[in-house]
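>>> structure for the following, please:
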Amino acid sequence: MKIIESKSYKKKNISFVLVHGWEGGPDKDWFPWLNKKLIKDGYDVINMSMPNPMSPKKDEWVNHLEKHIKTLKNIFFVAHSLGAICVVKYLEKISKKTRGAVFVAPYIINEQEYKTVSSFYSRKIDWAKVNKNCNKFFTIFSDDDPFVSLDQYLFMRDKTNVDLTVLHNKGHFSDNDNIKEIPELYKIIKKEI
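Presented below is the predicted three-dimensional model:
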């Protein structure tokens, strides 16, 4: 598994952890663009390569994430689709505060009832613990996403302090939608850090 790291760029006191979604990877969608921009800005970045992305399992993903970032401090997550619920499950498991998280097209509830990813949704989330471990959440949605509806945001809004950005005609923010950059995502990050 290829994990792209930039440990030699320790200029600033924030570590970005990028988590792709189902069928994704660190070299797909807009992840290479964001990885490059954050490294250029002087941040530590871990652009995760999650195990078995074609048939993801919650325990494998959360344990993999934990293993590779357990020594980091001042973490800011950026996650896409299924990567968002992985981050939530990680936040539920740990006992340390993270800086924040931006979720792009977050698949927090299994609204499509996909069996392949059902392990991520087998029990209720302890939102009190998640909120204790993350300062702030941000979400970015597209008004024409075929997989993720705004119900995901409404669900999160009832559970946590979350901001919403809705973009027009971005699909699922993937290579299939020809999305290689999300300038609005970068603006959110720069505003918050």
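>>> in this protein, which spans are helices?
For the chain, the helices defined by DSSP state H occupy 31-40, 58-69, 82-93, 127-132, 151-159, 183-192.
>>> next, count neighbours for Met156.
21 (other CB atoms under 10 Å). From N, CA and C alone the C-beta is placed, and that goes for glycine too.
>>> contacts only, for it.
Pro106, Ile108, Phe137, Thr139, Val162 (CB atoms under 8 Å, 6 or more residues apart in numbering).
>>> one more time with 7 Å, if that's ok
By CB atoms under 7 Å, 6 or more residues apart in numbering, Met156 lies in contact with Ile108, Phe137, Thr139, Val162.
>>> lowest-confidence helix or strand of this protein?
strand 4-5 (a mean of 49; mean pLDDT, DSSP states H and E).
>>> quick check, central residue of this protein?
A centroid search over the chain (CA atoms, centre = their mean) returns Ala79, at 1.3 Å, as the residue closest to the centre.
>>> which pLDDT value goes with that one?
With respect to pLDDT, Ala79 scores 98.
>>> just Ile193 next, same as before
Reported pLDDT for Ile193: 87.
>>> so what pLDDT did the closest residue to it other than its chain neighbours get?
In this structure, Ile193 finds its nearest non-sequential neighbour in Ile14, 5.7 Å apart by CB to CB, 6 or more residues apart in numbering. On pLDDT, Ile14 comes in at 93.
>>> so what's Ile14 up against?
Neighbours of Ile14 in contact, by CB under 7 Å, 6+ apart: Tyr43, Asn74, Phe76, Arg99, Ile193.
>>> where does the protein dip in pLDDT?
Residues of the chain meeting the criterion pLDDT under 70: 1-11.
>>> burial of Asn176, as a residue count?
Asn176 has 12 nearby residues by other CB under 10 Å.
>>> on that earlier part again, of the helices of the chain, which stretch is the most buried?
helix 82-93 (a mean of 25; mean count of other CB atoms under 10 Å).
>>> distance from that one to the middle of the chain?
Put simply, helix 82-93 sits 8 Å off its chain's centre (CA atoms, centre = their mean, to the nearest Å).
>>> and the contacts of Ile14 as CSV, adding neighbour count?
Compiled in CSV, the contacts of Ile14 are given as follows (neighbours: other CB atoms under 10 Å):
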residue, neighbour count
Tyr43, 21
Asn74, 14
Phe76, 23
Arg99, 18
Ile193, 16
